[in-house]
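Chemist: Build me a structure from this.
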Amino acid sequence: ISNKPNFLTFINKESQLIMIIDLFDIKFSEINFDDVSEKIQLYIYRAKNYKIVKPMIELMLKTFGSYDEELFNSKNYECIQTSRCDELIKYVNEYINTYLKLVYLKIESNIYEQEDYLIKLLNNSDITPDNKENLLKHSNTQLSNISKLIPESFILFDSILENNRLVPNWENIAFIFKENQSQFSEPLLDYINQADVTATLSSKSFLSKEKNHPTFRRAFLLNNDILDERYDKYLNSFPYTYNDLDFEKINKAKVKALVEHKKLQFNATIYSKLKTGYTSLHINLLINNVSKFIKEFDKIELSEKDL
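Modeler: Numbers count the residues shown, from 1 in each chain. Take a look at the predicted model:
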């Protein structure tokens, strides 16, 4: 019965038809509303006597709300949520996992969900972890403000990064770092090491002084797992200089980049560290900071070779 599109025209008496639908709790997967009374249409809609499948959702939108074919096929969840079909919206929200599996994820072109609606789905505690993972794989939408996720959704960070669903901006990177116990996870490092991500981030100065951002900047500069060629470019984004950076933790190529980009302030301690462990870099530091060298002259140990 549920698969017979013209079943509603088989019985002319409305009360009898409603009784049969109600008695067997029929859930139609395909049906034709042509030549069907408004009363019967409304009964099926309100009683939810239809399956959550694409043809039935389209029919309900066309009959009781607003239907935009392009929106339906590209931003399906938004299409339903903004349709003014209150009963349909409640039905979909009540059986959200069924909807995702049988409708949302089956529409190949449905990959352009607006960020706010995607976040609403990712923050929905009724949606299974597997369906959230599938959402991220299916969608092309990138999150510009990952802090809109609720704490329970932070477990999705790795999947968001691995599926490239994050807009490259420093606030997003720093937020993930902070919520991961101020650590760089492997997926975050892989993301940072992507050439296109580097190109975008390195073109933006990271000036923010929010509470955790100075800690993040230092940790970033001392991260030896960032590729050397990427690290060199990233230094363009860091406007501050440091007089106490423990650069012994990173390789020589990165230390050289710090000196060349003038991220190390000149003082006796830094000069001594460079002279001891990094051939000629202390001279480069001196050349970049002649006036400060003069002020610190009496604290500096110079060899004849240095002169």
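Chemist: for the protein, what are the low-confidence residue spans?
Modeler: Low-confidence segments of the chain, defined by pLDDT under 70, span residues 1-5, 9, 290-307.
Chemist: try 90 this time
Modeler: Segments of the chain classed as low confidence (criterion: pLDDT under 90) are 1-14, 17, 21, 23-25, 35, 207-212, 265-307.
Chemist: Enumerate the helices of the stretch 151-300 of the chain by residue range, in sequence order.
Modeler: Under the criterion DSSP state H, counting those that start in this stretch, helices of the stretch 151-300 of the chain are mapped to 157-162, 170-179, 186-192, 195-201, 213-221, 228-234, 252-260, 268-277, 281-288, 290-295.
Chemist: Which of the residues in the third one are classified as buried?
Modeler: Residues of helix 186-192 classed as buried by neighbour count (16 or more other C-beta atoms under 10 Å): 187, 188, 191, 192. For the C-beta atoms, the positions are set from N, CA and C on the backbone; glycine is no exception.
Chemist: Make TSV out of those residues and add distance to residue 20.
Modeler: Conversion of those to TSV gives the following (distance: C-beta to C-beta, whole Å):
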residue	distance to residue 20
187	54
188	58
191	57
192	62
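Chemist: Quick one: closest of the helices of the stretch 151-300 of the chain to residue 25.
Modeler: Proximity of these to residue 25 was assessed by C-beta to C-beta; the nearest stretch is helix 157-162, lying at 37.6 Å.
Chemist: quick one: contacts of the closest one?
Modeler: By C-beta atoms under 8 Å, 6 or more residues apart in numbering, the surrounding residues in contact with helix 157-162 are 132-133, 136, 143, 146, 165-166, 176, 179-180, 185, 187-188, 190-191.
Chemist: Based on its surroundings, how many neighbours for residue 103?
Modeler: Neighbours of residue 103 under the rule other C-beta atoms under 10 Å: 23.
Chemist: what sits up against stretch 69-84?
Modeler: Contact with stretch 69-84 is made by 57-58, 61, 65-68, 88-89, 92, 103-104, 107, 109-114, 117-118, 120-121, as judged by C-beta under 8 Å, 6+ apart.
Chemist: Just the buried ones from those residues?
Modeler: When neighbours are counted using 16+ other C-beta under 10 Å, the contacts of stretch 69-84 contain these buried positions: 57, 61, 65, 67, 88, 92, 103-104, 110, 112-113, 117-118, 121.
Chemist: so which of those comes closest to residue 38?
Modeler: Scanning those for proximity to residue 38, where the rule is C-beta to C-beta, the winner is residue 65, at 14.9 Å.
Chemist: quick one: contacts for that closest one?
Modeler: Contact criterion C-beta under 8 Å, 6+ apart gives 83, 84, 85, 88 as the residues in contact with residue 65.
Chemist: Number of residues surrounding the second one?
Modeler: In other words, residue 84. The tally of other residues near residue 84 (other C-beta under 10 Å) stands at 11.
Chemist: Ramachandran angles for it?
Modeler: phi 70, psi 10 (degrees, to the nearest 10).
Chemist: could you measure it against residue 74, distance?
Modeler: 19 Å (C-beta to C-beta, to the nearest Å).
Chemist: what does the first one give?
Modeler: With distances defined as C-beta to C-beta, the gap from residue 83 to residue 74 amounts to 15 Å.
Chemist: more crowded one of these two?
Modeler: Shown here are residue 83 and residue 74; by other C-beta under 10 Å, residue 83 has more neighbours (22 against 17).
Chemist: Am I right that the more buried one is in a helix?
Modeler: No: note on residue 83: no helix contains this position according to DSSP: H, G, I helix; E, B strand; the rest coil, which reports coil.
Chemist: List phi and psi for it.
Modeler: Note on residue 83: its backbone torsions stand at phi -80, psi -20 [degrees, to the nearest 10].
Chemist: Over to residue 164?
Modeler: Dihedral angles (degrees, to the nearest 10) for residue 164: phi 60, psi 50.
Chemist: Count the neighbours of it for me.
Modeler: Counted with other C-beta under 10 Å, residue 164 comes out at 14.
Chemist: Check residue 210 too.
Modeler: The local packing of residue 210 (other C-beta under 10 Å) involves 11 other residues.
Chemist: Would you enumerate the residues in contact with the closest residue to it other than its chain neighbours?
Modeler: Once its chain neighbours are removed from consideration, residue 210 has its nearest residue in residue 174; the separation is 7.8 Å (C-beta to C-beta, 6 or more residues apart in numbering). Residue 174 is in contact with 208, 210, 212, 213, 216, counting by C-beta under 8 Å, 6+ apart.
Chemist: Assess the claim that residue 139 and residue 111 are in contact.
Modeler: Yes: in this structure residue 139 lies within contact range of residue 111 using C-beta atoms under 8 Å: 5.5 Å.
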